[in-house]
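J.: Please work out how this folds:
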Amino acid sequence: MWYNSLKSAPNEDEQERRRAERMNREAAVRPILTCRDLSVGYGEAVLCSGISLTIREGEYVSLVGPRGSGKSALIATMLGALEPMAGEVIFENGLRREQIGCMPQDSEIRGTATVRDTVLAGCLGQMRHLFVGRAERRMAMEQLERLGVADLEKRRIGELSGGQRQRVFLARALCGKKRLLLLDEPLKGLDVAARDELFSEIARIREEDGCAVVMVDSEAIDGTVLHISDTVRFCGPVEEYARSLPGQLTFSGHIL
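T.: I've put the predicted structure just below:
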């Protein structure tokens, strides 16, 4: 089951104000992707079922829950890389596949490719010809400069720190004009300083581009993910997550 989170508020008036603001925001913003009664998994193993979720233009959605609960499978299904086991994913208001940028888990991207070639791979969906041209190289360099890693263009991915790699992968996901970013565990393995820096970059990009962001996080240790999101979805029983170490740290020992 998937659950909406309940965000704490200082008092009832503040809670009501936030609720009204959110309702107004949702009424004004167009949906771009809808999951309708979706079941996802690998092979014959269903990891999560009954998922109904609407992502709106410019919205920040966090998917939180224990590892193995289907969050990455849901991201892959939204992207079209994985067929739904039941239900459907609907692109709305003109959303196209090439307008979705995906940042897979760090552990899924290794090897000896250079930073520049890694980011150029993100241009493939935008290309109208069979070769990498000047426009694609310019697009890749613009995103590397935007993320502050242009000076690393000739380095190999395996030589970079975790924070540097994540910036490069984010630059790759941003190639072309994106309306939706799917970020699978972008904070995994980063220290506190690197986490904060990446959070700031994602927030800046969302503000500048107006794109929606869906971010997977298994831990949400400091609670930041919960508080900056417009919508938080939990995978698995909320009690199970809340009693885990990350949940205890997030909710300060108070089980919701």
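J.: And what about Thr77, helix, strand or coil?
T.: helix (DSSP: H, G, I helix; E, B strand; the rest coil).
J.: Can you list the buried residues in stretch 163-178?
T.: Within stretch 163-178, the residues scored as buried using 16 or more other C-beta atoms under 10 Å are 163-176, 178. For the C-beta atoms, the positions are set from N, CA and C on the backbone; glycine is no exception.
J.: what do you get for stretch 29-43?
T.: Neighbour counts over stretch 29-43 (16+ other C-beta under 10 Å) mark 31-35, 38-41 as buried.
J.: Kindly report the same for stretch 78-97.
T.: 78-79, 82, 84-85, 87, 89, 91, 95.
J.: go on, stretch 59-66?
T.: Neighbour-count burial for stretch 59-66 flags 59-66 (criterion: 16+ other C-beta under 10 Å).
J.: can you check stretch 187-200 too?
T.: So, applying 16+ other C-beta under 10 Å, buried residues of stretch 187-200: 187-188, 190, 194-195, 197-199.
J.: how far is it from where the chain is centred?
T.: Averaged C-alpha coordinates place stretch 187-200 at 14 Å from its chain's average position (C-alpha atoms, centre = their mean, to the nearest Å).
J.: pLDDT averaged over it - what is it?
T.: Here the mean pLDDT over stretch 187-200 is 86, rounded to a whole number.
J.: Spell out, range by range, the strands that occur in the stretch 1-150 of the chain.
T.: If you assign secondary structure with DSSP state E, counting those that start in this stretch, the strands in the stretch 1-150 of the chain sit at 2-4, 31-42, 45-56, 60-64, 86-91, 100-103.
J.: Looking at Ala45 now. What's its pLDDT?
T.: The per-residue pLDDT reported for Ala45 equals 89.
J.: hang on, I meant Ala28
T.: pLDDT, Ala28: 54.
J.: same thing with Arg146?
T.: Per-residue confidence (pLDDT) for Arg146: 93.
J.: how close does it get to Tyr60?
T.: In this structure, Arg146 and Tyr60 are 19 Å apart, going by C-beta to C-beta, to the nearest Å.
J.: isn't Ser229 right next to Ile55, touching?
T.: No - contact status for Ser229 versus Ile55: not in contact, 11.8 Å apart, counting by C-beta atoms under 8 Å.
J.: Which residues are in contact with each of the two?
T.: Val61 (C-beta atoms under 8 Å, 6 or more residues apart in numbering).
J.: what does stretch 92-99 contact?
T.: By C-beta under 8 Å, 6+ apart, the list of residues contacting stretch 92-99 reads 30-34, 57, 79-80, 91, 125-126, 176-180.
J.: and that stretch, average pLDDT?
T.: For stretch 92-99, the per-residue pLDDT values average out at 93.
J.: swap in stretch 31-41?
T.: Model confidence over stretch 31-41, given as mean pLDDT, is 94.
J.: rewinding a little: just the closest of the buried residues of stretch 187-200 to Cys235, please.
T.: The shortest distance between Cys235 and any of the buried residues of stretch 187-200, using C-beta to C-beta, involves Lys188 and amounts to 15.9 Å.
J.: Using the three-state scheme, assign the closest one.
T.: State at Lys188, reduced to three classes by three-state DSSP: coil.
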